[in-house]
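S.K.: model this:
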Amino acid sequence: MGLNHNGEKALLLLIRAITPLHVGVGEGEHVDLSVQRDEFGFPIIWGTSLKGAIKSQFNRIYGKDEKFIKELFGDDEKPSKLRVLDARLFLIPARTYKKVWTYVTSKQVIERLEPYAELAGFKLDTGVESKGSSTVGNAGAHEPIEKVDVIVNKDYLLEDGKITLNEIFDLTAKSNPTEFNMINTLINKISSIKNEKIEKLSKRIEERGICLVTDKESKSRAIINKSIVIQYRIRLKGDEKVVKEGGLWSEELLPSETLMLSALVGNESDLSKLKNLVEKNPFYLFIGGKESVGRGLAEIYLLDI
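M.R.: Numbers count the residues shown, from 1 in each chain. Modelled structure (predicted):
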């Protein structure tokens, strides 16, 4: 299982947003500066953007003359030996009346991470023997999960069988731990890494809880997109403190604590060296734009699972 030919392997790359991220595409339809989205409309960081951010940070830390870094990431004369896959959404914070915020994801989002898990050498456990056999929790035994909008892994997120996420009211919800097998497989793999920050992250996920949108009536995209922050900014005219003509615009930001997963594919020995370099220091990098106003700070972890 996993990528294993010609000495190549894959490592999962976990990205945690410390400050809001703006990895943009230029002009958008409803917002002037939109974030990158995949073919289904969910947030994504394209591999080209992610690779550029990682390469820039390695150059800052180890210098442009570091032979290994030049060989790994390529230069004007040689192509890169490293392949960086798109970073796909894993969990994103959402506003709720209980605990202020919780993590949200959807079945479709998690299923898009399955190929990455398989590349890294493990499968996401569905916990379901056959399609359509899943039921909802103890309170709703034998009730198809498609009859509710949201499945939660923490009962305290519920109020009379309902939940509000990102000001979307009266979403029907139930508790059913079985439906979290795929998510828990990923979380358990991440938690197996002996790292103080990973331990804190695992604890935060446990405390905040997770809401899994069932994709009933395609509500997952609406809920997830309402987690994206829209910020309005202005450009002032010199010392006059008035807005320049055309100096008002809006931009999208992925919120702090958003978690995304990518995969790095390359030579096994090269990835081992890369992982050692990442683990030498707390590895932070800026992804996307707006660095000068505090956007884009993230930390990354390479997971050799």
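S.K.: rest of the way, CA atoms for contacts and neighbours
M.R.: Noted.
S.K.: in a helix, Ala94, correct?
M.R.: No - membership of Ala94 in a helix is not supported by DSSP: H, G, I helix; E, B strand; the rest coil, which gives strand.
S.K.: list the beta-bridge partners for it.
M.R.: Thr102 (DSSP bridges).
S.K.: can you count the residues close to it?
M.R.: A total of 25 residues lie near Ala94 under the criterion other Cα atoms under 10 Å.
S.K.: that one: what's it in contact with?
M.R.: Counting by Cα atoms under 8 Å, 6 or more residues apart in numbering, Ala94 touches Trp101, Thr102, Tyr103, Val104, Leu165, Asn166, Ile223, Ile224, Ser227.
S.K.: how near is it to Leu158?
M.R.: Here the criterion is Cα to Cα, to the nearest Å. By it, Ala94 lies 14 Å from Leu158.
S.K.: can you check Arg204 too?
M.R.: Distance from Arg204 to Leu158, counting by Cα to Cα: 19 Å.
S.K.: before we move on, what about Glu207?
M.R.: 15 Å.
S.K.: please apply the same query to Pro177.
M.R.: According to Cα to Cα, Pro177 stands 14 Å off from Leu158.
S.K.: of the two, which one has the most company?
M.R.: For Pro177 versus Leu158, the count of surrounding residues by other Cα under 10 Å is larger for Leu158: 20 against 15.
S.K.: quick one: Gln57 and Leu277 touch, right?
M.R.: No - at 11.6 Å, Gln57 does not count as touching Leu277 under the criterion of Cα atoms under 8 Å.
S.K.: who has more neighbours out of the two?
M.R.: A side-by-side neighbour count of Gln57 and Leu277, using other Cα under 10 Å, places Gln57 first with 17 against 14.
S.K.: on the three-state scheme, the residue nearest to that one when sequence neighbours are not counted is what?
M.R.: Here the nearest residue to Gln57 in space, its sequence neighbours aside, is Leu285; by Cα to Cα, 6 or more residues apart in numbering that works out to 6.0 Å. Assigned with three-state DSSP, Leu285 falls in the strand class.
S.K.: residues touching Leu285, list them.
M.R.: With contacts taken as Cα under 8 Å, 6+ apart, Leu285 has the following neighbours: Ala53, Ile54, Gln57, Gly296, Leu297, Ala298, Glu299, Ile300.
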